[in-house]
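Trainee: here is a sequence together with a model predicted from it:
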Amino acid sequence: MKLKLALTAAALAFSAQAMAQAKWDLPAAYPASNFHTENLNQFANDVDKATGGKLKITVHANASLFKAPEIKRAVQGGQAQIGEILLVNFQNEWQIFGADGVPFLADSYDEAMKLYKAQKPLLEKKLGEQGMMLLYAVAWPPQGIYSKKPINSAADMKGLKWRAYSPATARIAELVGAQPVTVQAAELSQAMATGVIDSYMSSGSTGFDTKTYEHIKNWYDTQAWLPKNAVIVNKAAFNALDKATQDALLKAGADAETRGWAASKKANSDSLDKLKANGMQIHQPSAQLKADMKKVGDTMLKEWLDKAGPEGKQLVDAFRKM
């Protein structure tokens, strides 16, 4: 009888422990080797350690669980409890998601952080209305201009065969008189090798990954925009956690944000060093080129504000006051 009671007590204790342990799935769109994904894995480990294994988060890298455009909906619908999204991907749903994709609005890591601080209350409110919460966000490295020929002003960009991969990059081409050519990332190396394009805008890491230095020798560090990845959480899943576990999750998220921004800066400088080592000339843009691109940015900001309405104006005003 005693043995039976002991076994029953053990079974109940085990079942209580099992109920107390939560297992979360975290879909992410980028490869395991990407600095964002490495940061997510560190975050998951931190949560595991801080909660004594009560909350276990499994990171599903490289769009293996959900494709990039599906992740937000999956978290919202509770198919995943937590996920990482590229905010600008959801601009068509709500313009504020695309604020960090407006060229030359925030053109450095410091400015990008200010924009994030201005954007954050709006993001939290919107995600809250959708049954989610913002845990943290990390910027990608800044975007610069690759060009076969030297460019000292926007006038030098006239007629360039310019790779466009988004409405923003196509609009930049229109505004400077370049010729936009739609080329996806997978076709970029071939497009340069065959002369389909002779210029494009992207980060240092894209240039290195695609061996751009074999075809183009100039990169201008315009720091045009620094889009952000955000980690979002299903609110009902968060509310189901006990207070200590919630606090551990929030703390690990705050640590991941600080660590992630530092990792982004390191990824940026590492890729530029690799480009240089392979013969790429890294230029600071001339005062004229900077001024010209700022005008392009102002035009595109006005167009964005027309779509974003009062919320967009509130965001830009708050950003500019910082």
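Mentor: Sure thing, it's come through. Residues are numbered from 1 along each chain as shown.
Trainee: what's the burial count for residue 110?
Mentor: The number of residues packed near residue 110 is 10, by other CB atoms under 10 Å. To be clear about C-beta, it is placed using only N, CA and C from the backbone, and glycine gets the same treatment.
Trainee: check contacts around it.
Mentor: The contact partners of residue 110, by CB atoms under 8 Å, 6 or more residues apart in numbering, come to none.
Trainee: now it, what's its secondary structure?
Mentor: Using DSSP: H, G, I helix; E, B strand; the rest coil, the structure places residue 110 in helix.
Trainee: same check, this time on the one 5 residues further on
Mentor: When states are read from three-state DSSP, the local structure at residue 115 comes out as helix.
Trainee: you'd agree it is up against residue 319?
Mentor: Yes - in this structure residue 115 lies within contact range of residue 319 using CB atoms under 8 Å: 5.2 Å.
Trainee: these two: which is more packed in?
Mentor: The neighbour comparison of residue 115 against residue 319 (other CB under 10 Å) goes to residue 115, with 25 against 18.
Trainee: please name the nearest non-neighbouring residue to that one.
Mentor: Counting by CB to CB, 6 or more residues apart in numbering, residue 106 is the residue found nearest to residue 115 once chain neighbours are left out, at 4.1 Å.
Trainee: helix, strand or coil for the one you found?
Mentor: Applying three-state DSSP: residue 106 is coil.
Trainee: spit out the contact partners of it.
Mentor: For residue 106, the contacting residues are 100, 112, 114-115, 225-226, 319, by CB under 8 Å, 6+ apart.
Trainee: mind redoing it with 7 Å?
Mentor: If a contact means CB atoms under 7 Å, 6 or more residues apart in numbering, then residue 106 has 100, 112, 114-115, 225-226 as its contacts.
Trainee: now do the strands in this structure.
Mentor: Secondary structure of the chain by DSSP state E: the strands cover 22-27, 55-60, 82-86, 132-139, 144-147, 161-164, 179-182, 199-202, 218-220, 228-234, 281-283.
Trainee: out of these, which is the most enclosed?
Mentor: The highest average neighbour count among those, using mean count of other CB atoms under 10 Å, belongs to strand 82-86 at a mean of 27.
Trainee: residues contacting that one, please?
Mentor: With contact meaning CB under 7 Å, 6+ apart, strand 82-86 is reached by 24, 26-29, 36, 40, 57, 68, 71-72, 74-75, 227, 229-233.
Trainee: go on, stretch 36-46?
Mentor: Stretch 36-46 has contacts (CB under 7 Å, 6+ apart) with 26, 28, 30-31, 57, 59, 61, 84, 138, 229, 252-253, 255-256, 259-260, 263.
Trainee: one more time with 8 Å, if that's ok
Mentor: Contacting residues not belonging to stretch 36-46 are listed as 26, 28, 30-32, 56-59, 61-62, 84, 138, 140, 229, 231, 252-253, 255-256, 259-260, 263 [CB under 8 Å, 6+ apart].
Trainee: just the helices in this structure please.
Mentor: Ranges of helices in the chain, per DSSP state H, are 2-20, 35-50, 71-76, 109-129, 167-176, 188-193, 204-209, 235-239, 243-277, 287-321.
Trainee: rank those helices by pLDDT, which is bottom?
Mentor: Mean pLDDT is lowest for helix 2-20 among these, at a mean of 49.
Trainee: chain center to stretch 268-282: distance?
Mentor: 22 Å (CA atoms, centre = their mean, to the nearest Å).
Trainee: what's the answer for stretch 301-321, then?
Mentor: 20 Å.
Trainee: buried stuff in that stretch?
Mentor: With burial defined by 16 or more other CB atoms under 10 Å, the residues of stretch 301-321 counted as buried are 301, 304-305, 308, 311-312, 315-316, 318-319.
Trainee: now it - C-alpha only, CSV.
Mentor: Presented in CSV, the C-alpha positions along stretch 301-321 are these (Å, rounded to 0.1, in the frame of the first residue of the first chain):
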residue,chain,number,x,y,z
LEU,A,301,9.8,60.0,-46.9
LYS,A,302,7.1,62.4,-48.1
GLU,A,303,5.6,59.6,-50.1
TRP,A,304,5.7,57.3,-47.1
LEU,A,305,4.1,59.9,-44.8
ASP,A,306,1.3,60.4,-47.3
LYS,A,307,0.5,56.7,-46.9
ALA,A,308,1.3,56.4,-43.1
GLY,A,309,-0.9,59.4,-42.1
PRO,A,310,-1.0,60.9,-38.6
GLU,A,311,0.8,57.9,-37.0
GLY,A,312,3.7,58.3,-39.5
LYS,A,313,3.9,62.0,-38.7
GLN,A,314,3.9,61.3,-34.9
LEU,A,315,6.7,58.7,-35.4
VAL,A,316,8.9,61.0,-37.5
ASP,A,317,8.3,64.0,-35.2
ALA,A,318,9.3,61.9,-32.1
PHE,A,319,12.4,60.6,-33.9
ARG,A,320,13.6,64.1,-34.9
LYS,A,321,13.2,65.4,-31.4
